[in-house]
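Engineer: show me how the following folds:
(2 chains)
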Amino acid sequence: MSEKKKLRVATTSLAGCFGCHMSFLDIDERLFPLLDLIEFDRSPLTDIKHCGPCDIGIVEGGICNAENVHVLREFRKSCKILIAVGACAINGGLPAQRNHLDLGSCLTEVYLTEPGLAHGGIPNDPELPLPLDKVHPLHEVVKVDYFIPGCPPSGDAIWKFLTELLAGKTPELGHGLIKYD
Amino acid sequence: MSHTFQLDGANIGFEPGQTVMQAALAAGHYIPHLCYHPEFKPHGSCKLCTVKVNGRTLASCTMPAEAGLEVESNTDELNALRRTLVQMLFAEGNHFCPSCEKSGNCVLQALGYDLEVHSTGFRHQYPDRPVDASHPEVLLDFNRCILCELCVHASAEVDGKHVFALAGRGIEKHLIVNAESGQLADTHFSVNDKAMAVCPVGVILRKEVGFSQPIGMRRYDARPISAQALEDAPRVPAGDSHE
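Structural biologist: Residues are numbered from 1 along each chain as shown, chains lettered A, B, ... in the order given. The predicted structure follows:
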């Protein structure tokens, strides 16, 4: 009997807070049956740094800097199915609340003029990824196949979505599991 | 008994003068809607309640009920259209539910849930719309305005104050406050106004009571808007139903 090939899944957090990853871990002991079906590639859970060829990519967080764009493109290139998870990935979320402000004046206020800070200057280490002028949801940068809304979506919502997708169905969340807050 | 029309194959009785929407809700059949409010003259602008009547697409909140109409509402085609309308409303404003006091009680959000809208789909416009916090008891957050005009009508027709109006055209259209300064504090607006109660989204908010209802206890936590709207609808008196 040949064992059924496991689907390879990569996950990452871009301009997010890792809350969606925490929520993913909230599926608790259901991780074990899930691991009968999938194995992890690049993910904070494995510490693999770059994506190999994957079946599913799960991305939390929006796009706020040049590195986010780079990682997202790597995910899109490597993953057959890309899933945006959480408010930030879907509509920019909390980081996008700066979108109606000028980036230069944001940085000036935070690092130079706000009282009580050291006023050490705007960080300019060449290793730091450059912030983008505006924060973007994922679908404005690459094609996204599925979206799981919520801030964060509950573990139950993520579980239902993934298991339906793995079963070959079009996932639906339904009342109680679909939420934007 | 001749006062009936067909909605998705069901017989719906109606009183002369009722719209398709009024008759459907009274008979216990939900048609998704956003700018329609049972206490106000229908506005027909949000188009969420679009149905097909004898093959033509029409707003069911303004369409007078007529005997023999064949109305389609709960179809894949119309629900896909409604989903797109909800997505466009989300993309056009700044609807960041996690920080909104109206979350859980918001009609736009509840419609998104009921229609399984998982993403905005479009490019977000992130408009710059400063809030008006001038009034001591009320906050106006224009970021969430969907231009339904319910506050405009409530303030003019019920409160008799004409506090709100819509100005501009097309994508420039926006809610304004009727005062020289443009500030709510310089009007006679009060927390007891009908306009305060009708806002379906999180624009007109009472200060100092935000997030008072815990998650799980909010209006659309227990049941979807499709069930809640039927409970809220004015009903046909018992024995008077044509069903």
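
Engineer: for the chain, what spans make up the helices?
Structural biologist: No chain in the question, so chain A it is. A:19-25, A:31-37, A:66-78, A:87-91, A:103-108, A:155-166 (DSSP state H).

Engineer: my bad, the chain I had in mind was chain B
Structural biologist: With DSSP H as the criterion, chain B has helices spanning B:20-26, B:76-92, B:107-114, B:150-153, B:194-198, B:225-232.

Engineer: just give the nearest non-adjacent residue to residue B:92, would you?
Structural biologist: residue B:125 (5.7 Å; C-beta to C-beta, 6 or more residues apart in numbering or on different chains). Glycine gets a C-beta too; all of them are placed from N, C-alpha and C.

Engineer: residue A:16 touches residue A:64, doesn't it?
Structural biologist: No: contact status for residue A:16 versus residue A:64: not in contact, 9.6 Å apart, counting by C-beta atoms under 8 Å.

Engineer: neighbour count for those two, which is higher?
Structural biologist: residue A:16 (25 against 22; other C-beta atoms under 10 Å in any protein chain shown).

Engineer: could the helices of chain B go into CSV alongside mean neighbour count?
Structural biologist: Shown next, in CSV, are the helices of chain B (neighbours: other C-beta atoms under 10 Å in any protein chain shown):
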stretch, mean neighbour count
helix B:20-26, 25
helix B:76-92, 17
helix B:107-114, 25
helix B:150-153, 24
helix B:194-198, 19
helix B:225-232, 17
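
Engineer: let's have those helices in JSON lines, adding mean pLDDT.
Structural biologist: Shown next, in JSON lines, are these (pLDDT from 0 to 100):
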{"stretch": "helix B:20-26", "mean pLDDT": "95"}
{"stretch": "helix B:76-92", "mean pLDDT": "97"}
{"stretch": "helix B:107-114", "mean pLDDT": "98"}
{"stretch": "helix B:150-153", "mean pLDDT": "96"}
{"stretch": "helix B:194-198", "mean pLDDT": "96"}
{"stretch": "helix B:225-232", "mean pLDDT": "91"}
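
Engineer: what's the closest of those helices to residue A:55?
Structural biologist: helix B:76-92 (27.2 Å; C-beta to C-beta).

Engineer: quick one: the closest one to helix B:107-114, angle?
Structural biologist: Helix B:76-92 and helix B:107-114 meet at an angle of 140 degrees, taking axes from the mean of the first three to the mean of the last three C-alpha atoms, to 10 degrees as the criterion.

Engineer: okay, the helices of chain A, which one's buried deepest?
Structural biologist: Counting by mean count of other C-beta atoms under 10 Å in any protein chain shown, helix A:87-91 has the highest mean neighbour count of the helices of chain A, with a mean of 29.

Engineer: so which bits of chain A are right by chain B?
Structural biologist: A:84, A:87, A:90-94, A:96-97, A:99-100, A:134, A:136-137, A:139-140, A:144, A:146-149, A:151, A:172-175, A:178-181 (C-beta under 8 Å from any C-beta of the partner chain).

Engineer: low-confidence ranges, the chain, go.
Structural biologist: No chain was given, so I picked chain A. Across chain A, the ranges flagged by pLDDT under 70 are A:1-3.

Engineer: was after chain B, sorry
Structural biologist: For chain B (pLDDT under 70), the answer is B:1, B:235-243.

Engineer: and the residue nearest the centre of it?
Structural biologist: residue B:34 (2.6 Å; C-alpha atoms, centre = their mean).

Engineer: buried subset of the residues of chain A next to chain B, written for ChimeraX?
Structural biologist: Those of the residues of chain A next to chain B that count as buried under 16 or more other C-beta atoms under 10 Å in any protein chain shown are selected in ChimeraX with:
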select /A:84,87,90,91,92,93,94,96,99,134,136,137,139,140,144,146,147,148,149,151,173,175,178,179,180,181
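
Engineer: in strands, which of the residues of chain A next to chain B appear?
Structural biologist: Residues of the residues of chain A next to chain B located in strands (DSSP state E): A:84, A:134, A:136, A:146-148.

Engineer: the nearest residue to residue B:218 once chain neighbours are set aside - how many residues pack around it?
Structural biologist: Among residues not flanking residue B:218 along the chain, residue B:104 sits closest, at 2.9 Å (C-beta to C-beta, 6+ apart). Look at residue B:104: counted by other C-beta under 10 Å, it has 22 neighbours.

Engineer: please tell me I have it right and residue B:104 contacts residue A:181.
Structural biologist: Yes: the pair residue B:104 / residue A:181 is scored as a contact, 7.0 Å apart, by C-beta under 8 Å.

Engineer: give me the common contacts of those two.
Structural biologist: Common neighbours of residue B:104 and residue A:181, using C-beta atoms under 8 Å, 6 or more residues apart in numbering or on different chains, are residue B:215.

Engineer: circling back to that earlier point, JSON lines for the helices of chain A, including distance to residue A:57?
Structural biologist: Shown next, in JSON lines, are the helices of chain A (distance: least, C-beta to C-beta, whole Å):
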{"stretch": "helix A:19-25", "distance to residue A:57": "13"}
{"stretch": "helix A:31-37", "distance to residue A:57": "16"}
{"stretch": "helix A:66-78", "distance to residue A:57": "4"}
{"stretch": "helix A:87-91", "distance to residue A:57": "11"}
{"stretch": "helix A:103-108", "distance to residue A:57": "28"}
{"stretch": "helix A:155-166", "distance to residue A:57": "12"}
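
Engineer: out of those, which gets nearest to residue B:40?
Structural biologist: helix A:87-91 (30.4 Å).

Engineer: which strands and helices sit next to that closest one?
Structural biologist: Packing contacts for helix A:87-91, counted by 3 or more C-beta pairs under 8 Å, 6 or more residues apart in numbering or on different chains; DSSP states H and E, involve strand A:54-60.

Engineer: quick one: residues in contact with the strand it packs on.
Structural biologist: Contacts of strand A:54-60 (C-beta under 8 Å, 6+ apart): A:7-14, A:16, A:18-21, A:24, A:38, A:41-42, A:51, A:72, A:75-76, A:78-86, A:88-89, A:138, A:152, A:165.
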